[in-house]
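Visitor: Just a sequence and a predicted model for now, questions to come.
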Amino acid sequence: TLTPSLGRLDERRIITQEVAAAQLRLFQRAVRGRIEDRTLVDEEHELWSVGQHHGLHTPLLDWTYSPYVALFFAFEKDDPRHESENAYRAIYVLNKSYVEGDDRCPEVSILEPRKDDHGRQVNQAGLFTFTGYGNTLENFLVNSLQEEVLKDVQEEDEPRVLSQFICKIYVPNEHRTECLRQLRLMNVHHASLFPDL
């Protein structure tokens, strides 16, 4: 599921505002004297994005404009333990225009941080979603679609209609090695996506 790392600490896969606030306070203290731009400490979303790139459990989900970068991250890590149970990897596609447009989905924000000291954000064509507390991205999105998009849709047509806003693409694991080889030829590999030391 689309669960931010902070949500994975809860068995319900939900982030509460209290847990997020406590995590952010701890991180604000931890970065004192360690980052040059002190204004980041006061800008919640910018600070979350710094933490995201340094392994902090955050309420952010990573996204990319590039299908090639998404494919790299889907296949990057070998997972022999789970590959026997599941023969696929997944790539999610989100309709960014819908999420951003006219307060249609106010619980979900698209974030493109100003700060990128290490070049990762640029090289990964990255951005984040920040979802309101107490529910999942999928639920917030479906709830926002209920009144104007799904109200007149037949139940059997809902998956087709929903796929215009969010969908999950399955890619067979058997293509992993060849896919990573082809991505390397396109200069999509670990060193190009993580250009910092």
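Guide: Everything's here; your move.

Visitor: and L40, what pLDDT?
Guide: Per-residue pLDDT puts L40 at 69.

Visitor: other SSEs contacting the longest helix seen in the chain?
Guide: In the chain, assigned by DSSP state H, the helix with the most residues is helix 17-30. Here helix 17-30 touches helix 44-52, going by 3 or more Cβ pairs under 8 Å, 6 or more residues apart in numbering; DSSP states H and E. All C-beta spots, glycine's among them, are computed from the backbone N, C-alpha and C.

Visitor: Can you give me the separation between E44 and P113?
Guide: Distance of E44 to P113, computed by Cβ to Cβ, to the nearest Å: 11 Å.

Visitor: neighbour count winner among those two?
Guide: Neighbour totals were compared for E44 and P113, and P113 leads with 20 against 14 (other Cβ atoms under 10 Å).

Visitor: now that one, what's its secondary structure?
Guide: What DSSP: H, G, I helix; E, B strand; the rest coil gives for P113 is coil.

Visitor: That one contacts F128, correct?
Guide: Yes - look at P113 against F128 with Cβ atoms under 8 Å: they come within range, at 7.5 Å.

Visitor: anything in contact with each of these two?
Guide: Common neighbours of P113 and F128, counting by Cβ atoms under 8 Å, 6 or more residues apart in numbering, are S49.

Visitor: This structure: strands as residue ranges?
Guide: 60-64, 88-94, 108-111, 126-131, 166-172 (DSSP state E).

Visitor: For the fourth one, enumerate the helices and strands it packs against.
Guide: Pointing back at strand 126-131 there. helix 44-52, strand 60-64, strand 108-111, helix 137-145.

Visitor: Check the second one too.
Guide: With contacts defined as 3+ Cβ pairs under 8 Å, 6+ apart, the secondary structure elements packing on strand 88-94 are helix 67-75, strand 166-172.

Visitor: rewinding a little: can you lay out the helices and strands packed on strand 126-131 as TSV showing distance to H118 and mean pLDDT?
Guide: Formatted as TSV, those follow (distance: least, Cβ to Cβ, whole Å; pLDDT from 0 to 100):
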stretch	distance to H118	mean pLDDT
helix 44-52	10	87
strand 60-64	14	95
strand 108-111	17	92
helix 137-145	26	89
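
Visitor: closest one to N86 among the ones you listed?
Guide: helix 137-145 (19.1 Å; Cβ to Cβ).

Visitor: List of residues touching the closest one?
Guide: 1-2, 61, 99, 104-108, 129, 131-132, 135, 150, 161-162, 165-166.

Visitor: In ChimeraX, select just the buried ones from those residues.
Guide: In ChimeraX, a selection of the buried entries from these looks like this (16 or more other Cβ atoms under 10 Å):
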select :2,61,99,104,105,107,108,129,131,150,162,165,166
